[in-house]
Each structure stands twice: as C-alpha cells, then as structure tokens.
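A structural model of the following input is requested.
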Amino acid sequence: MPPLLKLPSSFDLSTDRVQTYHLPAEKRLHGDPQQTLWLQHRDASGQFVAGLWRSEPGTWRVAYTEDEFCLMLEGRSIVTDADGHAVTVVAGESFVIPRGFVGTWQVLETTTKRFVSYEPTVA
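A predicted model of the protein is given here:
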C-alpha cells in the first residue's frame with residue numbers, strides 16, 4: 001500500500017513546481033489576471049492532480065474536461081454556468097465542478113483555492 005500523501009496547510013512559493021501564467025486572449029472576457037499554480041501531487045497516470053491555484057481579478061470562459069473539488073482559502077469569485085446560473089464562492093467554502101461544466105469564472109477578489117481534480121483518459 002502506498003504511503004498517504006499529506007498536503008501542507010500552507011504553500012511554499014519557492015518550489016520549482018510553481019507555474020505563473022496569463023490565460024490566452026480568446027478565453028479572457030475582462031482583465032488579464034495573473035494566475036499561479038502550485039502542483040503538489042500528480043499520480044503516475046497524470047489523471048489525478050492536487051495543489052493550489054491563485055488568480056488576480058478578471059473574468060474568463062471555462063470548459064472543464066475534469067472533475068474538480070475546490071476548497072476556497074481566500075478571496076471571492078463567481079462561477080456562472082452556460083444558462084446564466086451564478087454561484088458566489090468565498091473563503092471557507094468547498095464545492096465540486098463536474099466534468100463537462102461550461103461557463104465563466106469571475107474573480108472579484110484575488111482568490112486562492114486548494115483543488116483536487118481527476119481527468120479520465122479519453123479512449
């Protein structure tokens with residue numbers, strides 16, 4: 001049995017697994033937020049990943065090909081589906097975004113979330 005993975009309660013900004021990026025212009029609806037990803041775990045298949053994600057304010061289109069569990073650590077965001085149903089998420093809340101979700105993500109206040117996602121291999 002493999003050892004249990006224990007994610008730290010805080011993140012280390014010095015790790016070499018940090019990626020800082022901006023979204024492609026075709027996804028952006030408002031702003032050009034810098035986003036940062038701390039990848040803390042990836043299984044051997046690459047389908048199961050966990051880590052931290054942070055974004056500055058902005059709005060962009062999303063289309064999830066993975067199932068993702070999120071725990072908001074800081075900030076405030078609005079996630080809106082393709083039919084216009086919006087949910088505001090804030091620090092301390094957790095939620096799941098299902099594979100196939102299409103809509104927008106709007107960061108109102110710089111947001112940090114812990115995430116765990118699973119993306120099955122397409123046959």
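
pretty sure Thr112 is touching Leu71, no?
No - between Thr112 and Leu71 there is no contact under C-beta atoms under 8 Å: 9.8 Å. To be clear about C-beta, it is placed using only N, CA and C from the backbone, and glycine gets the same treatment.

where in the protein is pLDDT low?
Within the chain, the segments meeting pLDDT under 70 span 1-16, 122-123.

quick one, strands of it?
18-22, 28-30, 34-42, 48-55, 58-63, 67-81, 86-90, 94-97, 102-118 (DSSP state E).

pick out the residue closest to the middle of the chain.
Trp53 (5.4 Å; C-alpha atoms, centre = their mean).

can you pull up the bridge partners for the closest residue to Leu108 other than its chain neighbours?
Leaving out its chain neighbours, the residue that sits closest to Leu108 by C-beta to C-beta, 6 or more residues apart in numbering is Arg76, at 4.7 Å. Beta-bridge pairing for Arg76 (DSSP bridges): Val90, Glu109.

wait, doesn't Phe69 sit right on Ser94?
Yes - in this structure Phe69 lies within contact range of Ser94 using C-beta under 8 Å: 6.9 Å.

many thanks, we can stop here.
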